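Novice: A predicted structure for the sequence below; I have some questions about it.
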Amino acid sequence: MVDFLIGLFLATLITALFTSRLYRLLFWYSLNSLTLGLLALVIGARLDDRAMLMTGGVTIALKALAIPYVLKVLSRRFGLSRQTPPGIKTQYAIMLVPAILVFTFYLAEPISHMVQGNANYVAISISSLFLSLLLMIEHRNVAPKIVGFLSMENALFLLGTTATRGMPMLVELGIFFDLLMAIVVINLLLYREEAEL
Amino acid sequence: MIGYVSTIVLLLLLAPILLSFIKAVKMWLLYKRPVSLLQGFRDFGKLLRKETVVSEEASAMTRIAPFLVLSPLLVALFYLPPIAKGAYYVSFVDAFTLTGLLALSTFFLMLLGLDSASSFGGMGSSREAFISALVEPAMILTIFSVSMMAGDLGIGQAGVNLAEHFPREHTASFLFAAISFFILLIAENGRIPVDNPETHLELTMVHEAMILDITGVYLALIETAASVKFVIFASLFASLFLPFGMEEAWLPAAMIFVGKLFAVALAVALIEVNTAKLRLFKVPNLLGIAIVFAFLSLITYYVLGA
């Protein structure tokens, strides 16, 4: 089950890389966060860790529902362009994505010996970190860059939940507040962009 | 042996029903009155009664090719994985033979399009060649990773192995292979993001352009070939990527299998309603995504073992 969810996590991220529409991108981001939340719930249920169950629930509520909705509302309010063609052509991205995956899978190999539990999760979360970086790089508009930033946060969360036996609740909450701060900053950024236009 | 033969008959009977089902679901979602599920059979009967007209420019190829389009697909039906445990199946045929048979059918379809020397036919053939050339690498990669997970190159044996011990530790790479295969299913059968099977007027059509000047019995054969191709892909998807429900007796297992086929058809119909057709030169991007997922499935299996 955990393997399946992790696969779905990576699959949604890769699909997001090839999307050229903003709302679709938000949809894939929401699905990505949903798999992450479910993953936390499954692992939390297995470890009988109430803190992780709570973080899973908060993740689903906040990242899968609230943040995509807020971003959609914001993008509509500021009249952002809904067409966000990636700066890197799809032909090149098709070669780049497998290259990144192979690179990161081998990169994670030495680390995986240090981690108890399943080492694959480390590799997949590091590769999704790089893929989110690619998502930020390949777009010129602000909105997809924000989604890239948020999915990078998702990748870190995945690393936190799977590599360790559950992060302390306080750290998780700290990350969530960080995220809310980021949304506020994003709001300001969008104001600026509107002012420049 | 009875189970084997009746499975093939069942698949042949289901083939037109599945395509009508897709059409009916689409019409229902678009607030139209859905067509009957038996529409495929009605069309077949109607085409058999119609006069067959062959272009004056056409060579003997037009008379032979419809049979050669259908026959490799009919042969391929015999090599599919069994739908119930203990049923007879052909174990020595590997996935490359199956891909080859499908490609042979496509080859004769392209020849048929070229034969009557109409400009539409040539255009459709060149597009079909373009798409099927791109489908091939992804198909081979997907099949490779599935057969590695199943531990056998033979397609029938792979289906049986997957049903007996599902590779739980390889679920992630299994999922990637499934995504890739589903994209290939859509591309090979000319469903909406790649080709629109319903229009005769669009300049982007692929399959319809090739068979534009085929009539009567020949058209009936080609339409049957299209539906048989869909049922082959759907049943491959059902037995390789949804491997459950085979432990039952033959009848319940067959019911479960038919349910899976209808689920695949439903998924295709939902995608057709929700997406717009891609521009022809954007099709390589979609197939490129299929290649990425197939490759990802392979390397996840190799490097991570997940």
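Specialist: Received, thanks. Residues are numbered from 1 along each chain as shown, chains lettered A, B, ... in the order given.

Novice: ok, longest helix in chain A?
Specialist: Longest helix in chain A, counting residues (DSSP state H): helix A:169-196.

Novice: mean confidence for that one?
Specialist: For helix A:169-196, the mean per-residue pLDDT is 72.

Novice: mind giving me the packing neighbours of that helix?
Specialist: helix A:50-59, helix A:67-77, helix A:142-163 (3 or more CB pairs under 8 Å, 6 or more residues apart in numbering or on different chains; DSSP states H and E). Backbone N, C-alpha and C define where each C-beta goes, glycine included.

Novice: just the helices from chain B, written as ranges.
Specialist: Going by DSSP H, chain B shows helices at B:2-29, B:39-49, B:61-77, B:95-115, B:119-150, B:155-164, B:171-188, B:207-210, B:216-241, B:250-274, B:283-299.

Novice: and the worst-scoring helix or strand of chain A on mean pLDDT with helix A:142-163, angle?
Specialist: Lowest on mean pLDDT, DSSP states H and E among the helices and strands of chain A sits helix A:169-196, with a mean of 72. Helix A:169-196 and helix A:142-163 are oriented at 170 degrees to each other (axes from the mean of the first three to the mean of the last three CA atoms, to 10 degrees).

Novice: any buried residues in helix A:169-196, and which?
Specialist: Neighbour-count burial for helix A:169-196, counted by 16 or more other CB atoms under 10 Å in any protein chain shown, picks out A:172, A:175-176, A:179, A:182-183, A:186, A:190.

Novice: what sits against residue 191?
Specialist: Just so you know, I chose chain A. A:Phe78 (CB atoms under 8 Å, 6 or more residues apart in numbering or on different chains).

Novice: right idea, wrong chain: chain B
Specialist: With CB under 8 Å, 6+ apart, B:Arg191 has these contacts: B:22, B:185, B:197, B:268, B:271-272.

Novice: how near is it to chain A?
Specialist: With distances taken as CB to the nearest CB, to the nearest Å, B:Arg191 is found 18 Å from chain A.

Novice: write out the residues of chain A neighbouring chain B.
Specialist: A:1, A:3-4, A:6-8, A:10-11, A:14-15, A:18, A:90-91, A:94, A:97-98, A:101-102, A:105-106, A:109, A:118-120, A:123-124 (CB under 8 Å from any CB of the partner chain).

Novice: could you flag which of these are buried?
Specialist: Counted by 16+ other CB under 10 Å, the residues of chain A next to chain B give A:3-4, A:6-8, A:10-11, A:14-15, A:18, A:90, A:94, A:97-98, A:101-102, A:105, A:118-120, A:123-124 as buried.

Novice: among these, which are located in helices?
Specialist: Filtering those for helices - DSSP H - leaves A:3-4, A:6-8, A:10-11, A:14-15, A:90, A:94, A:97-98, A:101-102, A:105, A:120, A:123-124.

Novice: before we move on, the earlier item: need the helices and strands packed on helix A:169-196 in a markdown table with mean pLDDT, can you?
Specialist: Output for those, formatted as a markdown table (pLDDT from 0 to 100):
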| stretch | mean pLDDT |
| --- | --- |
| helix A:50-59 | 85 |
| helix A:67-77 | 87 |
| helix A:142-163 | 85 |
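
Novice: of all those, which lies closest to A:Thr84?
Specialist: helix A:142-163 (4.8 Å; CB to CB).

Novice: which ones are touching B:Ala249?
Specialist: B:Ala249 touches B:Ala84, counting by CB under 8 Å, 6+ apart.

Novice: roughly how far apart are it and chain A?
Specialist: Distance from B:Ala249 to chain A, by CB to the nearest CB: 29 Å.

Novice: please apply the same query to B:Val268.
Specialist: Per CB to the nearest CB, B:Val268 is found 18 Å from chain A.

Novice: pretty sure that residue is touching B:Phe21, no?
Specialist: No. Using CB atoms under 8 Å, B:Val268 is not in contact with B:Phe21; the gap is 9.7 Å.

Novice: between those two, which one's more packed in?
Specialist: Each of B:Val268 and B:Phe21 has its neighbours counted (other CB atoms under 10 Å in any protein chain shown); B:Val268 has more, 25 against 22.

Novice: list the contacts of that one.
Specialist: Taking CB under 8 Å, 6+ apart as the test, what B:Val268 contacts is B:22, B:185-186, B:189, B:191.

Novice: and the pLDDT for it?
Specialist: Taking B:Val268 on its own, its pLDDT is 95.

Novice: repeat for B:Val54
Specialist: 88.

Novice: burial measure for it, as a count.
Specialist: That count, for B:Val54 with other CB under 10 Å as the rule, works out to 16.

Novice: for A:Lys72, same thing?
Specialist: 16.

Novice: residues in contact with the closest residue to it other than its chain neighbours?
Specialist: Spatial nearest neighbour of A:Lys72, excluding adjacent residues (CB to CB, 6 or more residues apart in numbering or on different chains): A:Leu26 at 5.8 Å. When contacts are counted by CB under 8 Å, 6+ apart, A:Leu26 touches A:68, A:71-72, A:147.

Novice: just say helix, strand or coil for A:Leu26.
Specialist: helix (DSSP: H, G, I helix; E, B strand; the rest coil).

Novice: ditto for the one 3 residues further on
Specialist: Per three-state DSSP, the local secondary structure of A:Tyr29 is helix.
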